[in-house]
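Peer 1: Fold the following and give me the result.
(chains A and B)
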There are 2 protein chains.
Amino acid sequence: MRKIVKNLDSVFQPKSVAIVGASTTSNKIGNVLMKNFLDARFKGEVYPVNPKHDEVMGKRCYAKVSDIPKRADLVIIATPAETVPDIVDDCAKKKVGGIIILSGGFEEVGRNDLALKIKATCEKNDIPLVGPNCLGIYDPYTKVDSIFLPRYKLERPKAGGIAFISQSGAVGSAVMDLAAYYGLGISKFISYGNSTVLNESDYLDYLAQDDETDAIILYIEGAKDGRKLLEAMKKTNKVKPIIALKAGKGLGGQAAARSHTGNIAGSYMAYKAAFKQAKVTEAEGISELFDFVKIYNQPIPKGNRVGIITNGGGMGVLTADYIEDSDLALAKFSPETTKELAKIIPSYGNVANPLDLVADAGVEGYTKSIDAMMSDPGIDALVIVVLLQTPPIDERVIHVLATAADSRKKPFVTISVGGAYTEAYRKIMESKGIPSYDSPRAAVKALEKFVTYSKYCREIGKG
Amino acid sequence: MRKIVKNLDSVFQPKSVAIVGASTTSNKIGNVLMKNFLDARFKGEVYPVNPKHDEVMGKRCYAKVSDIPKRADLVIIATPAETVPDIVDDCAKKKVGGIIILSGGFEEVGRNDLALKIKATCEKNDIPLVGPNCLGIYDPYTKVDSIFLPRYKLERPKAGGIAFISQSGAVGSAVMDLAAYYGLGISKFISYGNSTVLNESDYLDYLAQDDETDAIILYIEGAKDGRKLLEAMKKTNKVKPIIALKAGKGLGGQAAARSHTGNIAGSYMAYKAAFKQAKVTEAEGISELFDFVKIYNQPIPKGNRVGIITNGGGMGVLTADYIEDSDLALAKFSPETTKELAKIIPSYGNVANPLDLVADAGVEGYTKSIDAMMSDPGIDALVIVVLLQTPPIDERVIHVLATAADSRKKPFVTISVGGAYTEAYRKIMESKGIPSYDSPRAAVKALEKFVTYSKYCREIGKG
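Peer 2: Numbers count the residues shown, from 1 in each chain, chains lettered A, B, ... in the order given. Reported below is the predicted structural model:
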């Protein structure tokens, strides 16, 4: 790994942070940043930097980074583009550990001159630089948070295993907000904008070795070096699954990408081929990024044969449709399983896959059918539809699902569709590590992607 | 229209309702049904029927329907299948207006004998029958509610213009719950199960003439008479848009459908061809039913040229991608529009489609860019991305969107992706008639379907 990439530790685990452009005015970026660190009880030192102030939020404020008596590990810059090259020079003099530039006004508006100056300084001094023109990073473990969107509008997710690399701040922050909403934990969030010094390949290299990270989401508009990205994806995806969304597919989207982060979006076909070659899971939309990643902590299945349990017939029919339209297959129950299942369905019901427990089903139907299918060697994974609106369904069913998840015998996904009551339970399920989906299609697609990646894992001797 | 279909008025607007199987035990179906009518303050008479009780919830209880002194307009039956034919005979004697049979145990488990008896009695006496093996109906205008899922688990939507015909109770009730969650109003909900007497074609005929209904969602597993369905769809879709989801597409799904509602699911290709011929909008999943229908109250666009406004660059790129991959086109701004837009974007920004107002955008950026695009004759529809997490965005932007919706100049959809804060505002937007989507893909797909249907409307001289 390049030295400058290794140095990213200074960005994610700094002992001290300088905020250039620190402000006393509420809702200004330099003010939100100060609050991020102080409110989240960041354990290190926080140094506001702004020649206009002597003090910001009770902290001594410095005119320049080089005026800070100690060396700052991480410097976050949120001042106009023209001022940035000199600030970076000053940082280099002081040998800071890493820099995040949030400000826009560089390559994306044709100011490559400013970008080149910064690049030269950072590369010469091995200073890792995130940005410019980005939201920077959020690390729930170390409480580094350069996201300048107020916390009451954008919840921060709890600590967990999902890393998120996003060229777009908007897409990244929206997905992070969703992750917080559903109680999914993240390891690191990186919005990297113009990728003037470090780019997606560097972040992948770094995250491949990061102990907190189990799976990686990648939103990319245009890579600086396609060959390098392919290599980084190949290497990383062997260790941790990557789920990627490429934006800027058509000509209009590519033009938009260029004026967004100043990168050439390039041919989508080339990216598609690279994803395929690296066995990276490709998402077609934002919600899929989210749908796909939350299944990756499940046990690796041995094959693609799926058993379906439902308490609503129509949902079973739809689920079977999506499975037949995918690389998954409807499992055939063993004679033992069929015998067990016959005991739990109503007298007028049929033992079939999907298994329709009908709306009268309560906790026992779920316990026994899950047990039977988990023990059947002809079933590799389960899709469990739980419509929470029926009278007999309550929190005991959630407990059954949580127990099944904890047993780590076979992977499964759950489907619950509904309004406020259902959504409340879906959040509880997610927080208990039960992958919950709001539609049969989303659930089946996620399971299909996971089974495909699992096949790759088995091929390379993992799982 | 068949006499038996016209008689459906007795089902949707009954002056009195008899509930056969009324129960005093909480959470039993016959108890939930009683509560539905009493809690919702149904304006007519409610007669509990059950030979085991003299009184249910303070109401005199009768042993048989024919024991009720007055004639009941609507009879809802929730007793075991074997008992149903005699009860239907008794209803016919008393010349009731209509019947809903909720009980299962008929065609779907091979008891065609029971179904045929009921069918003969109802058809001979012109009694409209909904079901059996269904949830029956919910009408928010008249408060008829045979949905036996408790209200605290399944919210009932408010009164509005969307009718929902669903062969599956589970799918139907889940979508209804979602409609309530997002504040969408419905006109009638019909879960029709085995369609022993009345089927989807009859309900389409009825709804085509229903004043409260503006658009129709249809979830279908298997039609009894494909030719009749095609004719009913053709006729109805000219008057009101139909959005249809066909389930039971593959062999496994078809087998599941058969044991679910006792109907032959039939070849999916035949259904697909019928939807195409009738110009019915086809949905591929539950969420699409919902996504597509909520745009149909928008003004009919003149063409397919779309202007995009965004305060997050990446979301603009993704939106442009989906548009270029659809039957929609990215609009070219007129010189006047370009001039107007140049005034509102930051100095370093570019006037382009998508128009990136950047994260600094506040209410003024939206007001002016929406005005400019609404006045540009080269733009037929708008996609407006509003990321609610940025500091300057607040309820004033919602007001601007609501005003644009009220102006009814051009159709538009909005996209807001995020957690609790964003979801709260999305619900407010929906309740104000602003179609709100949680992903660029869903929004673009809905707009595409609407533009396609609008073209058909113009062809047949509507709009």
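Peer 1: Looking from chain B, tell me which residue of the stretch 351-463 of chain A is nearest.
Peer 2: The nearest approach of the stretch 351-463 of chain A to chain B comes at A:G419, 3.3 Å away (CB to the nearest CB). In short, each C-beta sits where N, CA and C put it, glycine included.
Peer 1: wait, what's in contact with that residue?
Peer 2: Residues in contact with A:G419 (CB atoms under 8 Å, 6 or more residues apart in numbering or on different chains) are B:154-155, B:177-178, B:180-181.
Peer 1: give me that answer again for 10 Å
Peer 2: For A:G419, the contact set (CB atoms under 10 Å, 6 or more residues apart in numbering or on different chains) comprises A:389, B:153-157, B:174, B:176-182.
Peer 1: By neighbours, which of these wins?
Peer 2: Among those, the one with the most neighbours (other CB atoms under 10 Å in any protein chain shown) is B:A174, at 31 neighbours.
Peer 1: Now it. Nearest residue, chain neighbours left out?
Peer 2: Excluding the flanking residues, the one nearest B:A174 by CB to CB, 6 or more residues apart in numbering or on different chains is A:V417, at 3.8 Å.
Peer 1: Now A:V351: which helix or strand?
Peer 2: Using DSSP states H and E, A:V351 sits within no helix or strand.
Peer 1: my guess is A:S369 meets A:V363, correct?
Peer 2: No - at 11.1 Å, A:S369 does not count as touching A:V363 under the criterion of CB atoms under 10 Å.
Peer 1: who's more crowded, the two?
Peer 2: Just comparing A:S369 and A:V363: by other CB under 10 Å the higher neighbour count belongs to A:S369, 26 against 16.
Peer 1: Return the distance of that one relative to A:A329.
Peer 2: According to CB to CB, to the nearest Å, A:S369 and A:A329 sit 19 Å apart.
Peer 1: Same check on A:S187?
Peer 2: From A:S187 across to A:A329, the span is 34 Å (CB to CB).
Peer 1: related to what we said a few turns ago, could you report the pLDDT at the residue of the stretch 351-463 of chain A closest to chain B?
Peer 2: For A:G419, the pLDDT comes out at 92.
Peer 1: Can you pull the phi and psi angles for it?
Peer 2: A:G419 adopts backbone torsions of phi -90, psi -140, taken as degrees, to the nearest 10.
Peer 1: Over to A:V75?
Peer 2: A:V75 adopts backbone torsions of phi -120, psi 130, taken as degrees, to the nearest 10.
Peer 1: re earlier: which one's more surrounded, A:S187 and A:A329?
Peer 2: A count of neighbours by other CB under 10 Å puts A:S187 above the other of A:S187 and A:A329, at 23 against 15.
Peer 1: residue contacts, that one?
Peer 2: Contacts of A:S187 (CB under 10 Å, 6+ apart): A:12, A:139-141, A:157, A:159-164, A:207, A:210-216.
Peer 1: Mark which of those residues are buried, thanks.
Peer 2: In the contacts of A:S187, burial by neighbour count holds for A:12, A:139-140, A:157, A:160-164, A:207, A:210, A:212-216, counting by 16 or more other CB atoms under 10 Å in any protein chain shown.
Peer 1: Excluding covalently adjacent residues, which one is nearest to A:K117?
Peer 2: Closest to A:K117 by CB to CB, 6+ apart is A:P85, at 4.1 Å.
Peer 1: Share the number of residues neighbouring the one you found, please.
Peer 2: For A:P85, the count of nearby residues is 18 (other CB under 10 Å).
Peer 1: Equivalent analysis for A:E324, please.
Peer 2: A:E324: 17 neighbours (other CB under 10 Å).
Peer 1: next one: phi and psi at it?
Peer 2: Main-chain torsions, A:E324, degrees, to the nearest 10: phi -70, psi -20.
Peer 1: Give me the mean pLDDT for stretch A:435-454.
Peer 2: The pLDDT scores in stretch A:435-454 average 97.
Peer 1: hey, C-alpha coordinates of that stretch in CSV?
Peer 2: Output of stretch A:435-454 as CSV, limited to C-alpha atoms (Å, rounded to 0.1, in the frame of the first residue of the first chain):
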residue,chain,number,x,y,z
PRO,A,435,-32.5,-8.5,7.1
SER,A,436,-35.9,-7.0,6.6
TYR,A,437,-37.3,-5.9,3.2
ASP,A,438,-40.4,-3.9,2.3
SER,A,439,-41.1,-5.8,-0.9
PRO,A,440,-40.7,-9.4,-2.3
ARG,A,441,-38.7,-8.1,-5.2
ALA,A,442,-36.2,-6.3,-3.1
ALA,A,443,-35.7,-9.3,-0.8
VAL,A,444,-35.3,-11.8,-3.6
LYS,A,445,-32.9,-9.6,-5.5
ALA,A,446,-30.7,-9.1,-2.4
LEU,A,447,-30.7,-12.8,-1.7
GLU,A,448,-29.8,-13.5,-5.4
LYS,A,449,-26.8,-11.1,-5.2
PHE,A,450,-25.7,-12.7,-1.9
VAL,A,451,-25.9,-16.2,-3.3
THR,A,452,-23.9,-15.2,-6.4
TYR,A,453,-21.2,-13.6,-4.2
SER,A,454,-21.2,-16.7,-1.9
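Peer 1: do it and chain B meet?
Peer 2: Yes - Stretch A:435-454 lies within reach of chain B by CB under 10 Å from any CB of the partner chain, at A:438-442, A:444-445.
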